[in-house]
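*Asks:* missing the sequence, but the structure's below:
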């Protein structure tokens, strides 16, 4: 699971990162958003080079948008054709961003539905303390099939309670960059929305039999620091009970 690369490069053309992914022998790659930086004039090459390498290696990729991709899509008056150009390049490699959509996937006998959810922009505003309405999630992407293993690509993990209530067996997220500064034994300090000590800052969480995995992210932007908080490539292994 990849999140928050923000156009960082690990080796030329992200070769080292691609090699680290291939070494895990995964069945698929889940993108939990923010591989590029949503900034006018930003270069998408590092993100696209990683996608290219993974696809040339035969890996299927399921891509959920983060707030950076989403705002480029919402505001062409600011970002021009950046989102169109970025997603056109993704499609050339056989990757389609899931804009409140689902696809089906099977591996090793497990039938999965994978949903990409775009959280409304309002919930990403600084100092936002709004309560997320669970009904909005169902309105955007429908109801999950209880006979399938349902995976939700939801960039912002803060609303995990609602994702679990909706029926996501596994939610994958990023966005919080591990809390930027981490205190050993306590966790992350602050979210991009300036909330202190976030509950779902990084790692694995469980609620009523539903799981959440939050990546600390692979890059940074704007606040380019990580203290006791190294970049992270998340590896998820599903095992039957």
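*Replies:* Done, it's in. This structure is a prediction, so every number in the text was calculated from the model and none was measured.

*Asks:* would you list the phi and psi of the spatially most central residue of the chain?
*Replies:* Of all residues in the chain, the one closest to the mean position by C-alpha atoms, centre = their mean is residue 32, 1.2 Å from it. Torsion angles at residue 32 (phi, psi; degrees, to the nearest 10) stand at phi -100, psi 20.

*Asks:* can you tell me which residues contact the residue lying closest to it once chain neighbours are set aside?
*Replies:* Nearest residue to residue 32, sequence neighbours excluded (C-beta to C-beta, 6 or more residues apart in numbering): residue 3, at 4.0 Å. The way it works is simple: take the backbone N, C-alpha and C, and place the C-beta from them, glycine included. Going by C-beta atoms under 8 Å, 6 or more residues apart in numbering, residue 3 touches 31-34, 66, 155, 172-175, 215, 217-218, 234.

*Asks:* out of those residues, flag the one nearest to residue 144.
*Replies:* Of all these, residue 144 sits closest to residue 172, with 15.0 Å by C-beta to C-beta.

*Asks:* tell me the secondary structure for the closest one?
*Replies:* strand (DSSP: H, G, I helix; E, B strand; the rest coil).

*Asks:* give me the low-pLDDT residue ranges for the protein?
*Replies:* Counting by pLDDT under 70, the chain contains low-confidence residues at 241.

*Asks:* this protein: strands as residue ranges?
*Replies:* Here the chain has its strands, by DSSP state E, at 29-31, 61-64, 97-98, 101-107, 110-117, 149-154, 170-173, 182-183, 187-188, 203-207, 210-214.

*Asks:* just the endpoints, please. Distance across stretch 126-141?
*Replies:* End-to-end distance of stretch 126-141 (C-alpha to C-alpha, to the nearest Å): 26 Å.
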